[in-house]
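Colleague: coords please:
(one chain, ligands or ions: 1)
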Amino acid sequence: MKPFTIAIHGGAGTISPDSMTAEKEQLYLRGLEQALSAGHAVLKENGSAMDAVMAAVVQLEDNPLFNAGRGSVFTHEGLHEMDAAIMDGNSGNAGAVAGVKSVRNPIVLARLVMEKTEHVMLHGNGAEELAKLHHLPFESPEYFYDAYRYEQWQSIRDTETTQLDHSKNKKFGTVGAVALDVHGNVAAATSTGGMTNKRFSRIGDSPIIGAGTYAANHTCAVSCTGHGEYFIRSVVAYDVSCLMEYKGLSIEEACRTVVMEKLVKTGGEGGLIAVDKTGIPQLVFNSEGMYRGYQINHEMPFTAIYR
Ligand code: ASP
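Modeller: Residues are numbered from 1 along each chain as shown. Predicted structure coming up:
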């Protein structure tokens, strides 16, 4: 049997059992399971890694618990600006969008950029024009509204601070998926609302190919979550791939070197998920927790939150 794997994340940060109720914990775990199951359903029918990561990320975008699509954090102006990227490890093609305000599923639009244009990245109004042209669903601000995210924003809206999702101190929110399909192809997808109270059209690492998202069949597929500025400067996702390609590191060694050594040295908090053609997923983070899960072949799904 040819191996297949789906792995997902729903953000990393200071996620500890005392910041959580048992009820909330169950909701998060169920959200992760639903996303895994959407990706797994594609893979077990011999579907592509691209379709699997997109299906998983759409589920996470539609779930208001996670900071992507519905439930995205508020900007300084009280709006939502979402970023997303997808990359096909087989063809090396990629698509990304940044600062989109009302497209229901930014990851679907990122894929459209890849497949229907000759470009890699579109932003703002232009990206939404493409979405309209292809009849993607749009939503009103009420759809994206989430009371918890609103409260987060209210507590810092009059300040100059930006805040990563999920906690008062440091916690990150973004969703992502990586997959290996039975054809031996890998893919990565990442989607986020970015940081609470962000201004000046700030864009994080998630939609930047090589920083928050990367996939190449001969190495691996990677999706990151964490303090985007650090991940951009360290070109994190591509660095994992480079360590495998040029230094011959295993995927496990490469992920650990980047997340637990290089990022820690620069102060970059967060984590990533990755998979290569062996199908053994890596879920590595240097923060207190990361919403995460994976499912390999026909085995039972695994989900976890804390370290
Ligand atoms: N990396 C995302 C950003 O900086 C945030 C996150 O992962 O929580 O926009």
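
Colleague: V97: what secondary structure?
Modeller: Following DSSP: H, G, I helix; E, B strand; the rest coil, we place V97 in the strand state.

Colleague: switch to numbering from 44
Modeller: Taking 44 as the first residue, the last one we looked at is V140.

Colleague: count of neighbours near it?
Modeller: Per other CB atoms under 10 Å, the neighbour tally for V140 reads 30. Backbone N, C-alpha and C define where each C-beta goes, glycine included.

Colleague: how about the one 3 residues further on?
Modeller: The number of residues packed around V143, counting by other CB under 10 Å, is 27.

Colleague: how about the residues of this protein that lie near the ligand?
Modeller: Applying CB under 6 Å from any ligand atom, we find that the chain lies next to the ligand at 54, 207-208, 215-217, 235, 237-238, 247-249, 255, 268-269, 271.

Colleague: for the one helix or strand in the chain whose mean pLDDT sits lowest, buried residues please.
Modeller: Across the helices and strands of the chain, mean confidence by mean pLDDT, DSSP states H and E is lowest for helix 190-199: a mean of 81. Along helix 190-199, these residues count as buried under the neighbour rule (16 or more other CB atoms under 10 Å): 192, 195-196, 199.

Colleague: and what of stretch 288-303?
Modeller: 292, 294, 297-302.

Colleague: do stretch 80-95 as well
Modeller: 80-83, 85-86, 90-95.

Colleague: first-to-last residue distance for it?
Modeller: 10 Å (CA to CA, to the nearest Å).

Colleague: what comes into contact with it?
Modeller: Around stretch 80-95, the neighbours that count as contacts under CB atoms under 8 Å, 6 or more residues apart in numbering are 47-49, 51, 96, 98-99, 101-102, 129, 131-133, 154, 220, 222-226, 228-230, 264, 338, 341, 344.

Colleague: where in the protein is pLDDT low?
Modeller: 203-204, 206-215 (pLDDT under 70).

Colleague: repeat that with 80
Modeller: Counting by pLDDT under 80, the chain shows low-confidence ranges at 195, 198, 201-215.

Colleague: quick one: the strands in it, in order.
Modeller: Under the criterion DSSP state E, the chain carries strands at the ranges 48-56, 125-131, 137-143, 164-166, 218-223, 229-235, 256-258, 264-269, 313-318, 325-328, 332-339, 345-349.
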